[in-house]
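Engineer: predicted coordinates and the sequence they were generated for:
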Amino acid sequence: MRSILFLLVLTFCTTINAQHILSEKERATVIDELLDERFNNLLPKLMDDANIDMWVVISREYNEDPVLRTMLPATWLNARRRTILLFYRDKAKNTIEKLAVARYNVGKNIESAWEKEKQPDQWKRLMELILERNPKQIGLNYSKDHNIADGLDKTDYDAFMANLPKKFHSKVVSAEQLAVRWIETRTEREMVIYNQLVDITHDIIAEAFSEKVITPGITTTSDVVWWMRQKVTDLGLETWFHPTVDVQRSNNTGKNSEFYSFSSKPDEMVILPGDLLHCDFGITYLRLNTDCQELAYVLKPEEKRAPDFLVNGLKDGNRVQDFLTQNMIAGRTGNEILAKSLAEAKAAGLRPSIYTHPLGMYGHSAGTTIGMWDSQGGVMKDDGENYALNPNTVYAIELNTTITIPEWNRDIRIMLEEAGFYGEKGFRYVNGRQTELLLIPRVKGHQGN
């Protein structure tokens with residue numbers, strides 16, 4: 001019976017924001033326009049800031065450097081054969097060359113600089129280009145501290161160094177700072193688009209956590225998870241991780257109500273009146289990613305609103321968010337932001353845990369890491385703690401606070417996550433944050449977001 005009902009719910013649900021989502025052709029146009037802006041307006045400044053005048057990015061098909069994946073035009077889903085990109089910045093002339101040591105132009109921005117008939121050896125052609133430009137610093141994508149900046153494999157590194165004239169060996173440096181800045185920095189237009197991504201994410205969660213999808217006593221948490229996955233597919237979008245939906249409830253309601261850790265959540269529970277629901281969900285669209293956690297309460301038959309202890313619990317979660325975001329100041333490292341935010345929240349009587357990560361071209365992206373759920377004393381160097389907060393960057397403001405509920409005879413976690421932007425004027429949420437519990441079923445006039 002439950003499976004049949006769930007199928008009927010799937011059929012009944014309408015398409016959220018379908019009128020706003022671009023066709024594949026339209027998406028390709030936008031992606032290439034964004035790349036044009038990034039290559040011609042953003043990249044020169046980033047190279048100047050990193051003091052690297054030549055950046056060489058090397059990948060082979062199906063083994064792409066994470067940085068190169070963000071540079072491919074919309075019609076390139078992978079590198080081709082061995083793809084070598086060379087960016088040369090002449091600051092004095094205020095020019096930037098974007099060349100491909102490849103058989104093809106890489107879209108409209110990167111011009112092929114290799115005619116195999118004239119120079120059969122790809123590596124030798126690359127060395128010719130380097131000799132002609134005589135760079136001061138050659139940046140390669142290797143890094144101990146940032147996984148996304150460590151995309152150059154050993155085979156290609158060895159071949160590059162074996163072919164590079166000895167006089168240039170001392171000029172080879174890690175491009176990690178440049179690679180991270182390229183990945184983490186958002187343009188003005190990207191932020192306009194990001195607002196829509198977060199809006200779509202919120203809308204899907206709002207529909208998932210509603211009577212359209214959930215029938216208490218019948219629908220399971222797994223049903224809701226797969227509804228979300230199907231909704232994303234039906235909208236022509238993608239998700240970068242499998243969603244989760246979980247339940248916290250009174251200890252007086254029976255089994256499966258333990259205070260679980262992140263690694264021991266029950267796989268499936270039937271949703272009941274009086275449950276506090278939590279989801280973790282994100283989408284991928286126009287090469288950007290969202291990551292959002294929100295809460296919903298399943299009303300009991302006699303209830304018109306959520307209990308005060310849950311309403312106040314959400315307010316405590318919002319307070320932890322405020323302690324974190326007010327400490328996001330340019331130049332501070334993730335560990336510095338974490339320590340100050342936790343200390344202030346604890347001094348206010350809260351029991352916080354903060355595990356905020358960069359968000360953008362990747363879901364767990366490059367940039368400043370502000371805690372991990374299992375590293376509340378600070379994260380290690382190779383997790384990005386030594387990397388300072390920069391403007392024009394996006395973060396998943398992910399955290400929780402533990403509250404005691406005498407009515408339920410237990411502690412619960414208020415777990416929240418929202419996309420936030422740190423810019424020249426400070427912090428703002430990309431498209432708001434949850435300040436009211438979503439109610440199932442909806443009560444007329446209740447917004448929920």
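Structural biologist: Happy to help now that I have it. Residues are numbered from 1 along each chain as shown.
Engineer: now R133. Nearest residue, chain neighbours left out?
Structural biologist: Nearest non-adjacent residue to R133, counting by Cβ to Cβ, 6 or more residues apart in numbering: Y88, 5.1 Å away. Where C-beta positions appear, they are placed from N, C-alpha and C, glycine not excepted.
Engineer: now do A28
Structural biologist: The spatially closest residue to A28, leaving aside those adjacent along the chain, is A74, at 3.5 Å (Cβ to Cβ, 6+ apart).
Engineer: my guess is the one you found contacts D32. True?
Structural biologist: Yes - contact criterion Cβ atoms under 8 Å: A74 and D32 qualify, at 5.4 Å.
Engineer: overlap of the contact sets of these two?
Structural biologist: By the contact definition Cβ atoms under 8 Å, 6 or more residues apart in numbering, A74 and D32 are jointly contacted by G107.
Engineer: so which of those two has more stuff around it?
Structural biologist: Shown here are A74 and D32; by other Cβ atoms under 10 Å, A74 has more neighbours (19 against 16).
Engineer: helix, strand or coil for the more buried one?
Structural biologist: coil (DSSP: H, G, I helix; E, B strand; the rest coil).
Engineer: show me the contacts for it.
Structural biologist: Under the contact definition (Cβ under 8 Å, 6+ apart), the residues listed for A74 are 27-29, 31-32, 107.
Engineer: of these, just the buried ones, PyMOL syntax please.
Structural biologist: Typed into PyMOL, the next command selects the buried ones out of the contacts of A74 (criterion: 16 or more other Cβ atoms under 10 Å):
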select buried, resi 27+31+32+107
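Engineer: which one of the contacts of A74 sits closest to S250?
Structural biologist: Using Cβ to Cβ, the shortest approach to S250 within these belongs to R27, at 46.0 Å.
Engineer: wait, the closest one sits on L286?
Structural biologist: Yes - proximity of R27 to L286 meets the contact threshold set by Cβ under 8 Å, at 6.1 Å.
Engineer: the residue nearest to R133 belongs to a helix?
Structural biologist: No - read with three-state DSSP, Y88 is strand and lies in no helix.
Engineer: show me the helices in the stretch 301-449 of the chain, by range?
Structural biologist: Secondary structure of the stretch 301-449 of the chain, counting by DSSP state H, counting those that start in this stretch: helices at 308-326, 334-347.
Engineer: typed the wrong thing, it's the stretch 51-200 of the chain
Structural biologist: Under DSSP H, counting those that start in this stretch, the stretch 51-200 of the chain gives helices at 66-69, 122-133, 154-163, 176-184, 188-208.
Engineer: of all the ones you listed, which one comes closest to G360?
Structural biologist: Within the helices of the stretch 51-200 of the chain, the stretch nearest G360 is helix 176-184; the backing value is 6.1 Å (Cβ to Cβ).
Engineer: what's the average pLDDT for that closest one?
Structural biologist: Taken as a whole, helix 176-184 has an average pLDDT of 96.
Engineer: centre of the chain to that helix, how far?
Structural biologist: 15 Å (Cα atoms, centre = their mean, to the nearest Å).
Engineer: most packed of the helices of the stretch 51-200 of the chain?
Structural biologist: Taking mean count of other Cβ atoms under 10 Å as the contact definition, the stretch among the helices of the stretch 51-200 of the chain with the greatest mean neighbour count is helix 176-184, which reaches a mean of 24.
Engineer: what helices or strands is that one leaning on?
Structural biologist: With contacts defined as 3 or more Cβ pairs under 8 Å, 6 or more residues apart in numbering; DSSP states H and E, the secondary structure elements packing on helix 176-184 are helix 43-50, helix 66-69.
Engineer: please redo it, this time with the cut-off set to 6 Å
Structural biologist: helix 43-50 (3 or more Cβ pairs under 6 Å, 6 or more residues apart in numbering; DSSP states H and E).
Engineer: can you pull the buried residues of the helix it packs on?
Structural biologist: Within helix 43-50, the residues that qualify as buried are 43-44, 46-47, 50, counting by 16+ other Cβ under 10 Å.
Engineer: how near is the residue nearest to A28 to G363?
Structural biologist: A74 sits 20 Å away from G363, taking Cβ to Cβ, to the nearest Å as the criterion.
Engineer: ok, W226 next?
Structural biologist: When Cβ to Cβ is applied, the distance between W226 and G363 equals 20 Å.
Engineer: tell me which of the two has more neighbours.
Structural biologist: Set side by side, W226 and G363 show more neighbours around G363, with 19 against 15, by other Cβ under 10 Å.
Engineer: show me the domain layout of this structure.
Structural biologist: For the chain, the domain assignment from automatic domain parsing gives the residue ranges 26-183, 186-440.
Engineer: closest to H20 out of the ones you listed?
Structural biologist: Of all the domains of the chain, the one in closest proximity to H20, counting by Cβ to Cβ, is domain 186-440 (6.4 Å).
Engineer: so where's the chain uncertain?
Structural biologist: Within the chain, the segments meeting pLDDT under 70 span 1-19, 78-79, 252-266, 380-385, 445-449.
Engineer: for the residue lying farthest from the centre of it, give me its contacts.
Structural biologist: Ranked by distance from the centre of the chain (Cα atoms, centre = their mean), the top residue is K118, with 43.5 Å. Residues counted as contacts of K118 (Cβ atoms under 6 Å, 6 or more residues apart in numbering): none.
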